[in-house]
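Asker: structural data only, the sequence is not supplied:
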């Protein structure tokens, strides 16, 4: 009986301890991104408010505000977007506003890369609606500047090929599909080289693939492409979960690769 009471008391204490910790720790709220309709009469400030929530749920994994992350620091992005748009206009001979620069960065991020960062960001038109993209642009404009984009400014979606049916004139797909070339070309085109070294042991966002064929057979290499999170190599700090699948999917890897493309890429990786 004595032992039973001791066990019961210990169980009660542990339960109370976990309850207390649960009350002390900040609770995370899982909120879906707000629905924003492109073409509606929503103003810049309201768009920016919605964009802040969308940014928190979709972008913070790679982008910080006020410090560098896996992607560039976005602190003061509103003012920097205006400056980069002016340079973009001078370089291309086409007119760019700060909002244009930001929308292009979301829809076709490989067109303008910040020095020191690879082409690893997937086009956001695959995961966000036209209205959500516009809201994100408005929020980024508000970081060190003033939001200018309105819900009726849908031409910006059409210009950069995103937003689908919400874009003026129905929109367009984010770039025409290109045939997948040689394995080493596909490796670069889909942004794999930005995350994985192949000739050195350098750790990037993902592990080095040097000597991969000696560690894994072809079936395991293929599985690592199709479902990267099945087996994540141990490392300190740990490799981020979900980034590779999201990046490949966003870059159109799974849509464009044929069985022959997969076979060629697996063979190439196995020979590294």
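Answerer: All right, it came through fine. These figures come from a predicted structure and were not determined experimentally.

Asker: how about stretch 37-51: buried residues?
Answerer: Across stretch 37-51, burial judged by 16 or more other C-beta atoms under 10 Å covers 38, 39, 42, 44, 46, 47, 48, 49, 50, 51. In this view, the C-beta of every residue, glycine as well, is placed from N, C-alpha and C.

Asker: among those residues, name the ones in helices.
Answerer: Using DSSP state H, 44, 46, 47, 48, 49, 50, 51 are the members of those that sit in helices.

Asker: for the one helix or strand residue 89 maps to, give the mean pLDDT please.
Answerer: Assessed by DSSP states H and E, residue 89 sits inside helix 77-92. Mean per-residue pLDDT for helix 77-92: 94.

Asker: could you list the low-confidence segments of the stretch 101-250 of the chain?
Answerer: 164-179 (pLDDT under 70).

Asker: how about the helices in it?
Answerer: 130-142, 155-159, 183-189, 192-195, 212-215, 218-226, 243-250 (DSSP state H, counting those that start in this stretch).

Asker: tabulate those (TSV), appending mean neighbour count.
Answerer: What follows is those, written out as TSV (neighbours: other C-beta atoms under 10 Å):
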stretch	mean neighbour count
helix 130-142	28
helix 155-159	19
helix 183-189	16
helix 192-195	20
helix 212-215	13
helix 218-226	15
helix 243-250	19
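
Asker: for residue 201, find the nearest of those helices.
Answerer: Smallest distance to residue 201 across those (C-beta to C-beta): 12.0 Å, for helix 212-215.

Asker: residue 247: which of the buried residues of stretch 37-51 is nearest?
Answerer: residue 51 (22.1 Å).

Asker: surely the closest one touches residue 140?
Answerer: Yes: using C-beta atoms under 8 Å, residue 51 is in contact with residue 140, at 7.2 Å.

Asker: give me the common contacts of these two.
Answerer: The overlap between the contact sets of residue 51 and residue 140 (C-beta atoms under 8 Å, 6 or more residues apart in numbering) is empty.

Asker: returning to that earlier point: how about the helices of the stretch 101-250 of the chain in TSV, adding distance to residue 259?
Answerer: Shown next, in TSV, are the helices of the stretch 101-250 of the chain (distance: least, C-beta to C-beta, whole Å):
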stretch	distance to residue 259
helix 130-142	33
helix 155-159	34
helix 183-189	14
helix 192-195	19
helix 212-215	20
helix 218-226	10
helix 243-250	16
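
Asker: which among those is found nearest to residue 272?
Answerer: helix 212-215 (5.0 Å).

Asker: residues making contact with that closest one?
Answerer: With C-beta under 8 Å, 6+ apart, helix 212-215 has contacts from 221, 269, 270, 271, 272.

Asker: now residue 94: how far from residue 132?
Answerer: 25 Å (C-beta to C-beta, to the nearest Å).

Asker: can you list the domains in this protein?
Answerer: 44-170, 183-270 (automatic domain parsing).

Asker: pretty sure residue 137 contacts residue 149?
Answerer: Yes: counting by C-beta under 8 Å, residue 149 is a contact partner of residue 137 at 5.3 Å.

Asker: need the residues touching each of these two.
Answerer: 47, 99, 156.

Asker: now the first one, nearest residue through space, not along the chain?
Answerer: This points to residue 47. Leaving out its chain neighbours, the residue that sits closest to residue 47 by C-beta to C-beta, 6 or more residues apart in numbering is residue 138, at 3.7 Å.

Asker: ok, the residue positioned nearest the centre of the chain - contacts?
Answerer: Centroid check for the chain by C-alpha atoms, centre = their mean gives residue 121 as the closest residue, at 5.0 Å. For residue 121, the contact set (C-beta under 8 Å, 6+ apart) comprises 62, 71, 109, 110, 247, 250.

Asker: which two of the residues you listed have the greatest separation?
Answerer: Longest span within these, C-beta to C-beta: 62 and 110, 14.9 Å.

Asker: coming back round to it: any of the contacts of helix 212-215 buried? List them.
Answerer: 221, 269, 270.

Asker: out of those residues, which is nearest to residue 192?
Answerer: Nearest member of the buried ones among the contacts of helix 212-215 to residue 192, counting by C-beta to C-beta, is residue 269, at 9.4 Å.
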